[in-house]
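> Quick one: sequence plus predicted model below, questions after.
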Amino acid sequence: MTEVKNWADYSAGLTTRGKELGQLHPDIVKGFVALSHGAAQTKHLDAKTREFIALAVAITTKCDGCIDAHARKAKAAGATKEEIAEALGVAIALNAGAAYTYALHVLDAVED
């Protein structure tokens, strides 16, 4: 990869900056934390499945912070590298599908 990250340092930096944002705008951070905690309280999905979904969304939204947090959580939930790769494969395929679908919109626009 061309972009090198030390994920431990990155995570520490997010924590530091997150605390700063919490001081500057406490309500938004409280709301984000409440939303995250609420989403973690699943009744029908196990922790691994939830983290597979989170990682798939993380790569489609290009969120390094999400990748950092949910890769750690997936490992803690017992996810293997192979399982994570399969989940990521689904996200990759759906992104390709979205591009394909929007390519068809372009054809429609050109014909209008």
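Great, that's in hand.

> in the helix or strand containing Leu94, what counts as buried?
Following DSSP states H and E, one finds Leu94 within helix 81-111. Within helix 81-111, the residues scored as buried using 16 or more other CB atoms under 10 Å are 83-84, 87-88, 91. For the C-beta atoms, the positions are set from N, CA and C on the backbone; glycine is no exception.

> farthest-separated two in these?
Spanning the widest gap among those are Glu83 and Ala91, at 13.3 Å by CB to CB.

> List the contacts of the residue positioned nearest the centre of the chain.
The centroid of the chain falls nearest to Ala58 when counting by CA atoms, centre = their mean (2.0 Å). Contacts for Ala58 (CB atoms under 8 Å, 6 or more residues apart in numbering) come out as 66-67, 70.

> domain assignment for the chain?
If you go by automatic domain parsing, the domain ranges for the chain are 1-41, 43-112.

> count of neighbours near the closest residue to Arg72 other than its chain neighbours?
Closest residue to Arg72 apart from its sequence neighbours, by CB to CB, 6 or more residues apart in numbering: Ser11 at 7.9 Å. The burial count assigned to Ser11 is 16, neighbours taken as other CB atoms under 10 Å.

> pLDDT on the helix or strand that contains Ser11, on average?
Here Ser11, judged by DSSP H and E, is contained in helix 7-24. For helix 7-24, mean pLDDT is 93.

> for that helix, packing partners?
Using 3 or more CB pairs under 8 Å, 6 or more residues apart in numbering; DSSP states H and E, the elements in contact with helix 7-24 are helix 26-40, helix 64-76.
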